[in-house]
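J.: Compute the structure for the input listed below.
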Amino acid sequence: MQLLSLNLLKGSEQASKVLQLSGLVYDYFKERHPDTLLGGNIHAKVMVDKLLAANNYIYFVQDDNQNILGFVTISVNDQFGMVTPHLVIDYMYIKPEFRGSRVTALLFGVVGHVADTMEMDCIGTTFVTSSNIRNAEVVKGIETATTYLYKREDFRNKYKTYIRRYI
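T.: Below you'll find the model as predicted:
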């Protein structure tokens, strides 16, 4: 097993890994957003290309046959200069059969190493149905926010009430 940075690969080697990684990105979206998925593999490739162009860090773990088993993308966010910069785990995906394995440890390990090297705290979002919640607890993550999904129909009914009441 090998941990690599997509950002450090060049030319055809990087292009080959971008294509392979795009497949895993698509798998991530199929798993996390099955009811709202719109894009396909080409959209996943565009996403990887844009992450690279934006200087996000992309790390992946591959097996001895050079098959990618999991990846993590991280970026630096300072809220447009308003707060102390922190590292953000934007996306992490590990093939189901490798979750809870050395792949998970390597990806979390590299995030920790980058955060430590850059002297930054780290923020990561985890879905409530994710097996990754346990990993957040292991590294003593502190819950700092809650994210809500507002269904359009319910939200529409409520905002119409607000508008009638206050306008």
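J.: mind checking which helix or strand of this structure has the lowest mean pLDDT?
T.: Sorting the helices and strands of the chain by mean pLDDT, DSSP states H and E puts helix 132-138 at the bottom, at a mean of 61.
J.: What ranges does this protein have for its strands?
T.: Assignment of strands within the chain using DSSP state E yields the ranges 2-5, 57-62, 68-77, 86-94, 122-124.
J.: winner for burial among those strands?
T.: Of all the strands of the chain, strand 57-62 carries the top mean neighbour count, a mean of 23, counting by mean count of other CB atoms under 10 Å. From N, CA and C alone the C-beta is placed, and that goes for glycine too.
J.: List the contacts of that one.
T.: Defining contact as CB atoms under 8 Å, 6 or more residues apart in numbering, one finds that strand 57-62 is touched by 1-7, 17, 21, 24, 48, 51-52, 68-75, 102-103, 106-107, 110-111, 114.
J.: change it to 6 Å
T.: Here strand 57-62 makes contact (CB atoms under 6 Å, 6 or more residues apart in numbering) with 1-6, 68-74, 103, 106, 110.
J.: Ok, stretch 113-123 next?
T.: The list of residues contacting stretch 113-123 from outside it, by CB under 6 Å, 6+ apart, reads 85-88.
J.: Just the CA atoms of that stretch, as CSV, please.
T.: Only the C-alpha atoms of stretch 113-123 are listed here, as CSV (Å, rounded to 0.1, in the frame of the first residue of the first chain):
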residue,chain,number,x,y,z
HIS,A,113,0.6,15.6,9.3
VAL,A,114,-0.4,18.5,6.9
ALA,A,115,-2.3,20.3,9.7
ASP,A,116,0.7,19.9,12.1
THR,A,117,3.2,21.0,9.4
MET,A,118,1.1,24.0,8.6
GLU,A,119,0.3,24.7,12.3
MET,A,120,-3.4,24.7,11.7
ASP,A,121,-6.5,23.1,13.3
CYS,A,122,-8.6,21.0,11.0
ILE,A,123,-12.3,21.0,10.2
